[in-house]
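**Q** have a look at this prediction, sequence included:
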Amino acid sequence: MDYQIGQIGMEPPKLCCFPARPLVCFLAFCGIIKTIFGFSQSPSVAMGIFGVIFILLDVILFIGAYQNNEKYLNISLKIVFIGLGFCALQLLIFPVIAASGAASGMVPHQNSSVIDSFVKYMFSNDEDQKQHFLIGLTAGYVIELAVLIAIGAQLIKYVLVNRLWEYAKATEGYA
C-alpha cells in the first residue's frame, strides 16, 4: 500500500458537506444583499455607516475567496475579524437605539406593528407606561437576537476563511 505523505493528498476544506470556497463566496454575497436590504428598510446615518463598512468588507472577502491564494485569503481573514468587531459594536448600539425608540414612541407605528401586536397579545395591559416599556424591551431583544445571528455568521466566515488560508498555504507550491 502506498501512502501519500505531505500536502499533495490534502482535500479542500469543507463545512459539513459544503465546500468552503463557494460557501464563503455565497455568504459574502448574501452579506452584501442583507446590508443593502437592511439599509433600504430603515435608512439612517448609523445604518448607512455600518452598511458601507459591511459592504466593503464583504466585497473584499468575496474577492479573497474568489482569488483563492494565500495572500488574498490572509487579507480576507483579517477583514472577517474586523467585521466581527463591527458586529460586536452593533450589539452594543442597535438594541439600545431600538428599545429606546420603541419605548418612547418615536418609532412609527407601521415599523413596530409586530412588536405592538405581540405585546398587546401577551400582556393585555391598559397602562400606557408599562406597554411602552414592554414594547421597548421586546424591540431590544429582537434586535439583540438579529445581531447575535449576524455575529454567528461572521464566526462561520472566520472559520471557513481560516481553513481556506491554511489549505492555500499548504498547497501553494503544488498547484
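**A** Sure thing, it's come through.
**Q** ok, longest helix in the protein?
**A** The longest helix of the chain (DSSP state H) is helix 128-171.
**Q** buried set for stretch 59-79?
**A** 60-62, 64-65, 68, 70, 72-77, 79 (16 or more other C-beta atoms under 10 Å). Bear in mind the C-beta positions are built from the backbone N, C-alpha and C, glycine included.
**Q** what helix or strand is residue 63 on?
**A** helix 45-67 (DSSP states H and E).
**Q** got it, and residue 103?
**A** helix 70-104.
**Q** what's that helix packed up against?
**A** helix 45-67, helix 128-171 (3 or more C-beta pairs under 8 Å, 6 or more residues apart in numbering; DSSP states H and E).
**Q** return the angle between stretch directions for it and helix 128-171.
**A** Here helix 70-104 points in a direction 180 degrees away from that of helix 128-171 (axes from the mean of the first three to the mean of the last three C-alpha atoms, to 10 degrees).
**Q** returning to that earlier point: tell me the two of the buried residues of stretch 59-79 that are most distant?
**A** Spatial extent of the buried residues of stretch 59-79 (C-beta to C-beta) is set by the pair 62 and 70 at 17.2 Å.
**Q** the residue nearest to residue 51 when sequence neighbours are not counted: what's it in contact with?
**A** Spatially, and ignoring its direct neighbours in sequence, residue 51 is nearest to residue 39 (4.4 Å; C-beta to C-beta, 6 or more residues apart in numbering). By C-beta atoms under 8 Å, 6 or more residues apart in numbering, the contact set of residue 39 is 47, 48, 51.
**Q** shaky segments in this structure?
**A** Within the chain, the segments meeting pLDDT under 70 span 1-9, 105-127, 129, 173-175.
**Q** cutoff 80 now
**A** 1-10, 42, 46-47, 94, 97-135, 172-175 (pLDDT under 80).
**Q** middle-most residue in it, spatially?
**A** residue 150 (3.0 Å; C-alpha atoms, centre = their mean).
**Q** that residue and residue 50, how far apart?
**A** 10 Å (C-beta to C-beta, to the nearest Å).
**Q** so what secondary structure elements neighbour the longest helix of the chain?
**A** strand 14-15, helix 20-41, helix 45-67, helix 70-104, helix 113-122.
**Q** can I get the helices and strands packed on helix 70-104 in JSON lines with distance to residue 35?
**A** Below are the helices and strands packed on helix 70-104 laid out as JSON lines (distance: least, C-beta to C-beta, whole Å):
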{"stretch": "helix 45-67", "distance to residue 35": "5"}
{"stretch": "helix 128-171", "distance to residue 35": "10"}
